[in-house]
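Enquirer: Below: sequence and its predicted model.
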Amino acid sequence: MEAKRIRVGIIGASPDRGWAARAHVPALLALPEYRITAVGTSRPESARAAAREFGAAHAFTDAGQLAEHPEVDLVVITVKVPAHAELVEAALAAGKHVYCEWPLARTTQEAAALAKSAHGAGVHHVLGLQARYAPAIAYARELVADGRVGRVTSATVHAARGKGPGERIPAWAAYTLDRNNGAGTLEVAGGHTLDAVQYLLGGISDLSAMVSGQHPVRTIAGTGDTVEATTPDHLLLNATLTSGAVVSAHVHDAKVTGAGTRLEISGTKGDLAIVSTGAAGPAGIQIGELRLQGPGDADGTFQELPVPSRYRWVSGLDPAAESFNVAQMYARLALDLRTGSRSVPDFDAGLRLHRLLDAIRLSADTGTRQRLG
C-alpha cells in the first residue's frame, strides 16, 4: 500500500519569481513523498496563478486559513523575515508542522518565543539551513568524524556573495540593507556559513568579531533609486571551537570578481577543502553544488574527492540546481515525519544560531572577546 503523501501549503509561493518558485516547488515536485495542496500570496490573482502553475488545489491570501485547511499537513514559510513570527505562530496555532526559512526571526527574542511555541504545539518545526545537506558537506563531516584529517586544528573560511556589479543591486536585495529586517549579510550569509562550520566541526566557544559597511549607499539596478545601507556587508571573525581548534572567517557581500565560498579544514594528518562551483556558488554556501577536495598523493596539492552516491538522496534534480540542497533536506524531513525522528535542524538550532550572531554583534560593538554558553 502506498504511503500517505505529506500535503504542503506554501506561504509566499509567487508564480513567477522568488525563492519558493526557484527552490521549494522544484524540490517538492521531485519527491514522491510530498504533494503541494495549497499556496498563499498577498494578492488573490497571484495566489490563483500560483495554484495553477504549481498544481495546488487551494489558493489563499490569508495565511491562517491556509494553515487551518484540513488538506495541509506541513506549512512552508518563504516570505521576508519580518513576517516570519506571525506566520509561524499561525501555523503552530493550527497544529501543523512548519518549515520556516532562515533567519527564523528578526531578533533572538522573537526566535526564542517561536521555539517555545513550537515545543508547546508538539509538532515538527524545521529551519531552512540546507547547507548541511549538500553531499560534499555531509561527506566531509563523516571524514572528519572518522579521523581522516587527524585532530582538527583550524578552519579557514572565505565566503563572498555577489549582488551585482559595483554599487548596483537588484531590486529584491534592497530590503536586506535595512538592519530592522534581520536579513543582511551577517544574518543570511554569516548564518548559513557559520552553521555549516559548526555542523562540520562542532560549536564555537568564544569569538572576536568586526563588522564593516563598505557600501553605505547602493543603487537599484533598473530604476537608479538609491538606498542607504544600515547593515554591515563584511564580517571578520576569529573564534575557538569547543574542541580547541581555531577558526578564521571572512564573510562579505558585493564581491565583483571571484565570488564564492572556500572552507578549508586543517588537521594533524591532512586537510580538506569545500569549494563552491557553478553559477549559484556566489549566492552562498547553502545554494548550488559544492566540491570536496583533499590532499594529493605526494606534492601536498589538493585533488578532488568523489562524493559517494549514498549522500545523494534525490534523483531527477541537477546537484548544481538551487533546489537540490532544499530537496535533500525535504527528503530527510519526510523520514522524520514518517518515523517520528528529529534529525533536521529545528527552531532550537535556529535559536542557538541567533545567539551566536548576537555574540558577534556584541563583540563588534564593544571590541571584546565573547564567550558562548
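Expert: Received the coordinates, thanks.
Enquirer: Can you list the strands that the helix or strand containing residue 293 pairs with?
Expert: Using DSSP states H and E, residue 293 sits within strand 290-295. Sheet pairing of strand 290-295 (DSSP bridges) gives strand 271-276 (antiparallel), strand 302-304 (antiparallel).
Enquirer: which one of these is the most hemmed in?
Expert: Counting by mean count of other CB atoms under 10 Å, strand 271-276 has the highest mean neighbour count of the strands paired with strand 290-295, with a mean of 22. (C-beta placed from N, C-alpha, C; glycine too.)
Enquirer: and it, average pLDDT?
Expert: Averaging pLDDT along strand 271-276 yields 97.
Enquirer: who's in contact with it?
Expert: Residues from elsewhere that reach strand 271-276, judged by CB atoms under 8 Å, 6 or more residues apart in numbering: 136-137, 140, 143-144, 148-149, 260-265, 282, 285, 288-295, 302, 305.
Enquirer: Just the buried subset of these, written out for PyMOL, thanks.
Expert: Burial among those is assessed by 16 or more other CB atoms under 10 Å; the matching PyMOL selection reads:
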select buried, resi 136+137+140+143+144+149+260+261+263+264+265+282+285+288+289+290+291+292+293+294+295+302+305
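Enquirer: Kindly state the pLDDT recorded for the closest residue to residue 241 other than its chain neighbours?
Expert: Leaving aside its sequence neighbours, residue 241 sits nearest to residue 202 (CB to CB, 6 or more residues apart in numbering; 5.3 Å). In the prediction, the pLDDT value recorded for residue 202 is 98.
Enquirer: before we move on, what about residue 245?
Expert: At residue 245, pLDDT is 98.
Enquirer: ok but residue 240 is inside a strand, no?
Expert: Yes - per DSSP: H, G, I helix; E, B strand; the rest coil, residue 240 lies within a strand segment.
Enquirer: tell me the pLDDT at it?
Expert: 98.
Enquirer: start the count at 22, not 1, going forward
Expert: Fine by me, first position is 22 from now on; the one you just mentioned is residue 261.
Enquirer: Could you double-check that it sits in contact with residue 268?
Expert: Yes - counting by CB atoms under 8 Å, residue 261 touches residue 268, with 7.3 Å between them.
Enquirer: okay, and the common contacts of these two?
Expert: Common neighbours of residue 261 and residue 268 (CB under 8 Å, 6+ apart) are residue 225.
Enquirer: These two: which is more packed in?
Expert: Neighbours per residue (other CB atoms under 10 Å) separate residue 261 from residue 268, with residue 268 holding more: 21 against 17.
Enquirer: Just the CA atoms of the helix or strand in which the more buried one is found, as PDB, please.
Expert: Using DSSP H and E, residue 268 falls within strand 267-273. Taking C-alpha atoms only, strand 267-273 is exported to PDB below (Å, rounded to 0.1, in the frame of the first residue of the first chain):
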ATOM      1  CA  VAL A 267      40.600  27.800  15.800                       C
ATOM      2  CA  VAL A 268      38.500  29.400  13.100                       C
ATOM      3  CA  SER A 269      39.200  32.400  10.900                       C
ATOM      4  CA  ALA A 270      36.300  33.600   8.700                       C
ATOM      5  CA  HIS A 271      35.700  36.500   6.300                       C
ATOM      6  CA  VAL A 272      32.100  36.800   5.000                       C
ATOM      7  CA  HIS A 273      31.200  39.600   2.700                       C
END
